[in-house]
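Colleague: I would like to see how this sequence folds:
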Amino acid sequence: MNILLTAINAKYIHSNLAVYSLKAYADEFGGNISIAEYTINQRTDEILMDLYKRKPDILCFSCYLWNLTWVEELIRDINKILPDTMIWLGGPEVTYDAQDVLKRYPEVDIVMTGEGEATFFELVSCMHNTGYDEKVLKEIKGIVFRSRSGEIFDCGRRETVDLNTVPFVYEHLGQFEHKIIYYETSRGCPFSCSYCLSSIDKTLRFRNIELVKKELGHFLDHNVPQVKFVDRTFNCSHKHAMEIWTYIKEHDNGITNFHFEVAADLFCPEEIELIKTMRPGQIQLEIGVQSTNEKTIAEIRRVMDFGQVSVVVKEIGRSGNVHQHLDLIAGLPYEDYQSFRRSFNHVYALRPEQLQLGFLKVLKGSYMEQQKDHYRLVYKSSPNYEVLSTRWLSYQDILRLKHVEEMVEVYYNSGQFTATIPFLEQAFDDPFQLYEELSIYYEENDLHTLNHSRVRRYEILLEFASARDNRRGEQYRELLTYDLYLRENLKSRPPFAGEAVTGDERIRAFYNTETLCRRYLQGYESYDKHQLRKMTHIERFSYTVDRDGKQQECWLLFDYRNRKPISGQATVFRLGFD
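Modeller: Sure, this is the predicted structure:
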């Protein structure tokens, strides 16, 4: 019996924790179970050919929002070339309408609903001992299956599994090289957000903390680059969070980054103080704000104190050692275009490292889906079920926000314009207007349909800024030049930056002196003055303002060997040439 657990991931760097957990839980049948991982960037024909070569007796698919279209196509075609292969499905995208799934896809034999480890183990045991015995299958909780006569049976809900019984799947890390490690220390969620499937499972459980520490130690010992916790609200238990954060701080290897999804308003002073002492880049925090409209927050059954969120995000931000990623969702009830604009400006004012503009996904089984008629929710018929319009937001509004989202991704989340954008904001009523007008500029100039190089994005912003605020065009040019050299030591200087200052005697004197006495460039001791000059950059700027408010020239040295851990920007020194 050859059982193939199949995952189709969004990207190559992703791994699928679910299929590895299923295999590990059914370890006594391990010789009969294998795993195949693909990505949605592969052609379905390529995946189909590989599945055919493997010739599984039972083919299992892990179904999510991002891969269901691929799974649907594959299950229809695999049945034509491997007609004797049984097909099982599992995952959140088939759990809440399992009977309909079996009706839509006659090729599918079994759908596993809810948590899959114990269910999968019992199914494999059944196949191993008695084959497709319908009498035995009816006793297995957590499945909906098709009888040989075509009748569909729902065997009921399975109780949640003890998280401590789920084996650790990362003992052998070689197969996860160059991939993000997904790790779980709790299941369930204490909140009831109407758009989220995690709110359906109210049985909040934690993995034993000593077991967690042992497993974290394994990651640290092997210098894993990143561990992404999949816990829905990691800090819902103060004691659990503090033990883990304390452990990773005390055992820091200087390499591993840990990602947590947290509720910022649940932080207590003790947690904040601990986080502020961590190595820069050791952890990153994802914080779901979703909206700052109080009526919206109440309607979606979310518990959030945005005032407290603001306090926490600013306090952690001042430490400069943590990447903070804040989320908003467009398309929520009672949130029209102007309300979303206010939510955007509120969150933007916190200056997170990233501001994610997401769009509501109307997930099967969620309370949001139940309320679709009341909210006049119109959304895509196929995955990802993204919102198209609501009572409060037209499709035209959605399109406008889509264009704003693109501008935010390019000009804020990229981190490439950290000097220019705050200066440019001064020419607008609020930050949202900046990105809104920038998106209009892209459309009016047919720029939105083209793939632009990185340097071209700088040029476009200069053109836009100069047109909007022509009195300060030269200042925008210098700020963009600064932003560009802050990120990269360019081999080819872009035309917008003007002529480089290369022959100045002061620059030659600086490198001669720096070779003899390292005043600025630490870590370059083995390099001569010519190499130093190639590995760093000196730029002259004219628009620095001194303490008396007078414009003055300044010279900046960009050190690319010693970059800031969070932003990746070069270290910058002001030289005393002036």
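
Colleague: what's the spacing between the closest residue to residue 410 other than its chain neighbours and residue 427?
Modeller: Among residues not flanking residue 410 along the chain, residue 457 sits closest, at 6.0 Å (Cβ to Cβ, 6 or more residues apart in numbering). No exception for glycine: its C-beta is placed from N, CA and C like everyone else's. Per Cβ to Cβ, to the nearest Å, residue 457 is found 19 Å from residue 427.

Colleague: try residue 322
Modeller: Using Cβ to Cβ, we find residue 322 at a distance of 31 Å from residue 427.

Colleague: Next: residue 387.
Modeller: Applying Cβ to Cβ, one obtains 32 Å for the distance of residue 387 from residue 427.

Colleague: Which residue of those two possesses the greater neighbour count?
Modeller: Just comparing residue 387 and residue 427: by other Cβ atoms under 10 Å the higher neighbour count belongs to residue 387, 23 against 15.

Colleague: just to revisit the earlier point, which ones are touching the residue nearest to residue 410?
Modeller: For residue 457, the contacting residues are 410-411, 416, by Cβ atoms under 8 Å, 6 or more residues apart in numbering.

Colleague: all helices of the stretch 351-500 of the chain, in order?
Modeller: Using DSSP state H, counting those that start in this stretch, the helices of the stretch 351-500 of the chain run over 367-370, 395-408, 420-425, 431-444, 454-468, 473-487.

Colleague: Other residues contacting the helix or strand where residue 556 lies?
Modeller: Using DSSP states H and E, the element containing residue 556 is strand 551-563. Surrounding strand 551-563, the residues in contact under the criterion Cβ under 8 Å, 6+ apart are 482, 485-486, 488-489, 506, 510, 520-524, 535-546, 569-575, 577-578.

Colleague: now stretch 400-414
Modeller: Contacts of stretch 400-414 with the rest of the structure, by Cβ under 8 Å, 6+ apart, involve 330, 337, 340, 354-357, 359, 417, 421, 432, 435-436, 438-440, 442-443, 448, 457, 461.

Colleague: Going by neighbour count, which residues in that stretch are buried?
Modeller: Going by neighbour count (16 or more other Cβ atoms under 10 Å), the buried part of stretch 400-414 is 400-401, 403-408, 410-413.

Colleague: Just the terminal-to-terminal distance for that stretch.
Modeller: The first residue of stretch 400-414 is 20 Å away from its last residue (Cα to Cα, to the nearest Å).

Colleague: Tell me where this protein is predicted with low confidence.
Modeller: Across the chain, the ranges flagged by pLDDT under 70 are 195, 197-202, 544-551, 578.

Colleague: any idea how far residue 553 is from the residue located most distally from the centre of it?
Modeller: Going by Cα atoms, centre = their mean, the residue of the chain most distant from its centre is residue 505, 47.8 Å out. The gap separating residue 505 from residue 553 is 15 Å, by Cβ to Cβ.

Colleague: mind listing what the strand holding residue 556 pairs with, with the direction of each?
Modeller: Here the strand partners of strand 551-563, with direction, are listed using DSSP bridges: strand 536-545 (antiparallel), strand 570-575 (antiparallel).

Colleague: I'd like those strands written out as TSV, with mean neighbour count and distance to residue 114 added.
Modeller: Below are the strands paired with strand 551-563 laid out as TSV (neighbours: other Cβ atoms under 10 Å; distance: least, Cβ to Cβ, whole Å):
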stretch	mean neighbour count	distance to residue 114
strand 536-545	17	56
strand 570-575	16	50
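
Colleague: out of the ones you listed, nearest to residue 10?
Modeller: When these are ranked by proximity to residue 10, the top entry is strand 570-575, at 31.7 Å, counting by Cβ to Cβ.

Colleague: and residue 227, what are its phi and psi?
Modeller: When quoted as degrees, to the nearest 10, the phi and psi of residue 227 stand at phi -120, psi 120.

Colleague: so it sits right up against residue 260, yeah?
Modeller: No. Taking contacts as Cβ atoms under 8 Å, residue 227 lies outside contact range of residue 260: 9.7 Å.

Colleague: Quick one: the strands in the stretch 1-150 of the chain, in order.
Modeller: Assignment of strands within the stretch 1-150 of the chain using DSSP state E, counting those that start in this stretch yields the ranges 3-9, 33-39, 58-62, 86-90, 110-112, 143-146.

Colleague: Ok, the stretch 151-300 of the chain next?
Modeller: Assigned strands in the stretch 151-300 of the chain, in chain order: 152-154, 181-183, 186-187, 205-206, 226-229, 257-262, 283-290 (criterion: DSSP E, counting those that start in this stretch).

Colleague: closest to residue 215 out of those strands?
Modeller: strand 181-183 (7.3 Å).

Colleague: elements contacting the closest one?
Modeller: Packed against strand 181-183, as judged by 3 or more Cβ pairs under 8 Å, 6 or more residues apart in numbering; DSSP states H and E, are the following elements: helix 209-221, strand 226-229.

Colleague: would you turn the helices of the stretch 351-500 of the chain into a markdown table with distance to residue 112?
Modeller: As requested, the helices of the stretch 351-500 of the chain are arranged in a markdown table below (distance: least, Cβ to Cβ, whole Å):
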| stretch | distance to residue 112 |
| --- | --- |
| helix 367-370 | 21 |
| helix 395-408 | 35 |
| helix 420-425 | 48 |
| helix 431-444 | 43 |
| helix 454-468 | 45 |
| helix 473-487 | 47 |
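
Colleague: Ok, which of the ones you listed comes nearest residue 12?
Modeller: Closest of those to residue 12 is helix 454-468, at 22.4 Å (criterion: Cβ to Cβ).

Colleague: so how far is that closest one from its chain's centroid?
Modeller: For helix 454-468, the gap between its own C-alpha mean and the chain's C-alpha mean amounts to 28 Å (Cα atoms, centre = their mean, to the nearest Å).

Colleague: export that helix as PDB, just CAs?
Modeller: Backbone C-alpha positions of helix 454-468 (Å, rounded to 0.1, in the frame of the first residue of the first chain) are rendered in PDB as follows:
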ATOM      1  CA  ARG A 454      14.200  49.300  -9.200                       C
ATOM      2  CA  VAL A 455      15.900  52.500 -10.500                       C
ATOM      3  CA  ARG A 456      12.900  53.300 -12.700                       C
ATOM      4  CA  ARG A 457      10.700  53.300  -9.500                       C
ATOM      5  CA  TYR A 458      13.000  56.100  -8.100                       C
ATOM      6  CA  GLU A 459      12.700  58.000 -11.400                       C
ATOM      7  CA  ILE A 460       8.900  57.800 -11.400                       C
ATOM      8  CA  LEU A 461       8.700  59.000  -7.800                       C
ATOM      9  CA  LEU A 462      11.000  62.000  -8.700                       C
ATOM     10  CA  GLU A 463       8.800  62.800 -11.600                       C
ATOM     11  CA  PHE A 464       5.700  62.600  -9.500                       C
ATOM     12  CA  ALA A 465       7.100  64.600  -6.600                       C
ATOM     13  CA  SER A 466       8.500  67.300  -8.800                       C
ATOM     14  CA  ALA A 467       5.100  67.700 -10.600                       C
ATOM     15  CA  ARG A 468       3.200  67.800  -7.300                       C
END
